[in-house]
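>>> Quick one, fold the following:
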Amino acid sequence: MKNAAQKKAERANRGQLSRRQVLAAAGFIGLAGLTGCGSGDDGGGSKDLSKKRNGAMKEYRAGQQFKAAGALSFSVLHNDNPGYPMKKDWLFWKELTRRTGVTFKPVSVPLSDYEKKRSLLIGAGDAPFLIPKTYHPSEVAFVASGAILAVSDYTHLMPNFLDKVKKWGLEPELDSIRQSDGKYYLLPGLHEKVKSGYSLSLRTDVLDRLGLALPTTWDEVHTVLRAIKAEYPDRYPFTDRWSTNTPYPAAALFSYLGQAYGVRAGWSYDNISWDDPAGEFVFTGATDAWREMLAYLRKLVAEKLVDPESFTQTDDDAVKKLLSEKAFAISANPQELVQNYRYNLEKQVPGATIEMVPVPLGPAGPVVIGGARLENGVMVSRKALDSDGFVAMMQFVDWLWYSDEGQRFAKWGVEGVTYTRSGDRYTLEDGISLMGSDPDAPKDLQKDYGFFNGVFTYGGSWALVSSSFSADEKTFQDAMAQRQQLPIGPAHPLQSVEQEQATLWDTPLRDHVTQNALKFALGKRPLSEWDAYVGELKAKNMDQLVALHNKARERFAKENG
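Below you'll find the model as predicted:
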């Protein structure tokens, strides 16, 4: 339940480089998925931690309140969001200490400078013990130096973490972030279900007037847009956004349109995809599904159903077209739908209504792709292991980020003070607002109390995650949650020499795919040249890159199976 500014800021924080770009910068290409192998040796039970138990609970179990045996303090890197700047008097800090006996020593870094400052602190050996708000694969850059811990060696100290991994079947996702040593170096946020973000929204008052229902498939989307075009022949029915500040034009549209065809596109694009029926990795931008997706989009553009400026215009320009009725459909997420489109349409176009539909279905059927059940997480500084309170720290991390009660506390605060609860329904106390839920409220849950802070609030059961959904988002997410997640590919970490070679191949290939996707969609290159396009990818070492990943897959399975 993040507003547009917060989501934009967080995307900027983690989205300066694509997944593959970050991997390339880190010199590590290729962790993407599943293997039941490697999981069994987690835990580090052979490591001697007997002298590092200061403040630790003798018996700490899943579902148990963590309470340090003595007062402890741990440093933590704090991503300071301008939407709710950090305050020393937040109730979050005070109540956390009361419940756990632990006092945080936050090292505050502005959101806009977080990744750069984090790298500098780690490189200089000055990083706090706990380094949250880290998105995989950002941690990879710090592994070779030994600056961060292989946290998979210490998950035996974290019963809530292990319980959720087992209960929700998250082993494949964890295997996806392992490195060539079979270990992972990030404690990610854990989700029970995939949370979807983006889909198509349409002016429902216009549809009602034309006798049209909300579309459920992309064939129906085509029919609806054609009917709107017939009514408004001088306008493009669909204009789009999220094309600037990203290497992918129309990133949101490609992301959820690709989902209908079973391919990762837009924000979720990756050169390498897992072909489950074939049992091997393939090159995404050369698959039949990729070509079929482009053919569909080309049809919409050719029939003037999609504004061609959608692939280059700013978000503001796209929204202005919606509000001025130059277009009647646009990509959305639940927050933008309510806080931007609907709010402003109600002011500017009396009687206008707009709804966001579950991602329309296509050839791939009711599947979810591009989402994940792992979220940003916590790195642990290597120097934390030297602390005599290391065991207590890991127990504390387990409680705050992975226990039901810790997650509830970080999200909603103190029952009877900031919220009341009836089953899975949470209600803010009178006079407290969350992201504009009550514009007249004198207090804000984030700004004045420090809860619902992105540094500490992520992951959890579907009941907790959905507890903050608006009615619109709940309807959307409940529908999307019924869909099946596509199989996750097996882990295939590359060795150092392979990493260097893959880095040289990966970026030019991705750029060629992106550039030609736009050309094909706009008709600047006919799809009759598809074979020539694939030949160009081959000339840029497409086959060699795919072979490299399949070789790594086979090696990892053999060594860890």
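>>> Next, work out how far apart P439 and K411 are.
Using Cβ to Cβ, to the nearest Å, we find P439 at a distance of 21 Å from K411. To be clear about C-beta, it is placed using only N, CA and C from the backbone, and glycine gets the same treatment.
>>> more neighbours, these two?
Neighbour tally, P439 and K411, criterion other Cβ atoms under 10 Å: the higher count belongs to K411, 23 against 6.
>>> Surely the more buried one is in contact with F451?
Yes. Between K411 and F451 there is a contact under Cβ atoms under 8 Å: 6.5 Å.
>>> list residues touching both of those two?
T457 (Cβ atoms under 8 Å, 6 or more residues apart in numbering).
>>> nearest residue to the residue most central in space within the chain other than its sequence neighbours?
Ranked by distance to the mean C-alpha position of the chain (Cα atoms, centre = their mean), the top residue is E375 at 5.9 Å. Closest residue to E375 apart from its sequence neighbours, by Cβ to Cβ, 6 or more residues apart in numbering: G189 at 3.3 Å.
>>> Secondary structure element for that neighbour, which one?
Using DSSP states H and E, G189 maps to strand 187-190.
>>> Tell me where the model's unsure across the stretch 1-150 of the chain.
1-47 (pLDDT under 70).
>>> now the helices for it?
4-14, 19-26, 91-100, 114-124 (DSSP state H, counting those that start in this stretch).
>>> for the last one, packing partners?
It refers to helix 114-124. helix 4-14, strand 72-80, strand 102-110, strand 130-134 (3 or more Cβ pairs under 8 Å, 6 or more residues apart in numbering; DSSP states H and E).
>>> Can you check the pLDDT for the residue nearest to E375?
Reported pLDDT at G189 in the predicted model: 96.
>>> so it makes contact with T457?
No. Contact criterion Cβ under 8 Å: G189 and T457 do not qualify, at 9.0 Å.
>>> Next one, pLDDT for A557 please.
A557 is given a pLDDT of 87.
>>> can you pull out the strands in the stretch 351-500 of the chain?
Ranges of strands in the stretch 351-500 of the chain, per DSSP state E, counting those that start in this stretch, are 354-356, 367-368, 374-380, 419-422, 425-428, 432-433, 443-444, 484-485.
>>> In TSV: those strands, plus mean pLDDT and distance to A230.
Below are the strands of the stretch 351-500 of the chain laid out as TSV (pLDDT from 0 to 100; distance: least, Cβ to Cβ, whole Å):
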stretch	mean pLDDT	distance to A230
strand 354-356	96	20
strand 367-368	84	32
strand 374-380	94	44
strand 419-422	96	49
strand 425-428	95	45
strand 432-433	96	44
strand 443-444	96	47
strand 484-485	86	36
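>>> Could you point out which of the ones you listed sits nearest L323?
L323 lies closest, by Cβ to Cβ, to one member of the strands of the stretch 351-500 of the chain: strand 354-356, at 10.4 Å.
>>> Can you give the distance from the closest one to the centre of its chain?
23 Å (Cα atoms, centre = their mean, to the nearest Å).
>>> now stretch 184-200
With Cα atoms, centre = their mean, you get 5 Å for stretch 184-200.
>>> May I see the buried residues of that stretch?
184-200 (16 or more other Cβ atoms under 10 Å).
>>> Stretch 378-398 now?
In stretch 378-398, counting by 16+ other Cβ under 10 Å, buried: 378-382, 384-385, 387, 389-398.
>>> again with stretch 514-533
Under 16+ other Cβ under 10 Å, the buried positions of stretch 514-533 are T514, N516, A517, L518, F520, A521, L522, R525, W530, Y533.
>>> Compute the first-to-last residue distance for it.
12 Å (Cα to Cα, to the nearest Å).
>>> And the contacts of that stretch?
Residues contacting stretch 514-533 (Cβ under 8 Å, 6+ apart): 247-249, 254, 265, 269, 285, 291, 294-295, 297-298, 301-302, 308, 311.
>>> Check the burial of R209 by counting its neighbours.
Using other Cβ under 10 Å: R209 sits among 11 other residues.
>>> Roughly how far does it sit from V546?
Taking Cβ to Cβ as the measure, R209 falls 50 Å from V546.
>>> Please apply the same query to V263.
Taking Cβ to Cβ, one finds V263 at 15 Å from V546.
>>> neighbour count winner among those two?
Under the criterion of other Cβ under 10 Å, the comparison of V263 against V546 puts V263 first, with 26 against 19.
>>> List the contacts of the more buried one.
S273, T284, T287, A289, W290, M293, I369.
>>> contacting residues for the first one?
Read it as S273. Contacts of S273 by Cβ under 8 Å, 6+ apart are V263, R264, F281, V282, F283, T284, T287, G489.
>>> go again using 7 Å as the cut-off
V263, R264, F281, V282, T284 (Cβ atoms under 7 Å, 6 or more residues apart in numbering).
>>> And the next helix or strand past the helix or strand hosting it?
S273 is part of strand 272-275, with elements assigned from DSSP H and E. Downstream of strand 272-275, the first helix or strand assigned by DSSP H and E is strand 280-283.
>>> Show me what that following strand packs onto, helices and strands only.
strand 272-275, helix 542-560 (3 or more Cβ pairs under 7 Å, 6 or more residues apart in numbering; DSSP states H and E).
>>> Partner strands of the first one, with direction?
Read it as strand 272-275. Partners of strand 272-275 in the sheet, by DSSP bridges, are strand 280-283 (antiparallel).
>>> For the strand it pairs with, C-alpha coordinates in PDB please.
Provided in PDB are the C-alpha atoms of strand 280-283 (Å, rounded to 0.1, in the frame of the first residue of the first chain):
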ATOM      1  CA  GLU A 280      16.800 -26.300 -20.600                       C
ATOM      2  CA  PHE A 281      17.500 -22.600 -20.700                       C
ATOM      3  CA  VAL A 282      16.600 -20.600 -23.900                       C
ATOM      4  CA  PHE A 283      17.100 -17.100 -25.100                       C
END
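>>> how far does the next helix or strand after it sit from the chain's center?
Per DSSP H and E, the first helix or strand lying C-terminal to strand 280-283 is helix 288-302. Put simply, helix 288-302 sits 26 Å off its chain's centre (Cα atoms, centre = their mean).
>>> Rounded mean pLDDT for helix 288-302, please.
Mean per-residue pLDDT for helix 288-302: 98.
>>> what's in contact with the helix or strand following that helix?
Sequence-wise, the next helix or strand downstream of helix 288-302 (DSSP H and E) is helix 315-323. Surrounding helix 315-323, the residues in contact under the criterion Cβ under 7 Å, 6+ apart are T239, D240, R241, W242, A327, I330, N340, Y341, N344, L345, Q348.
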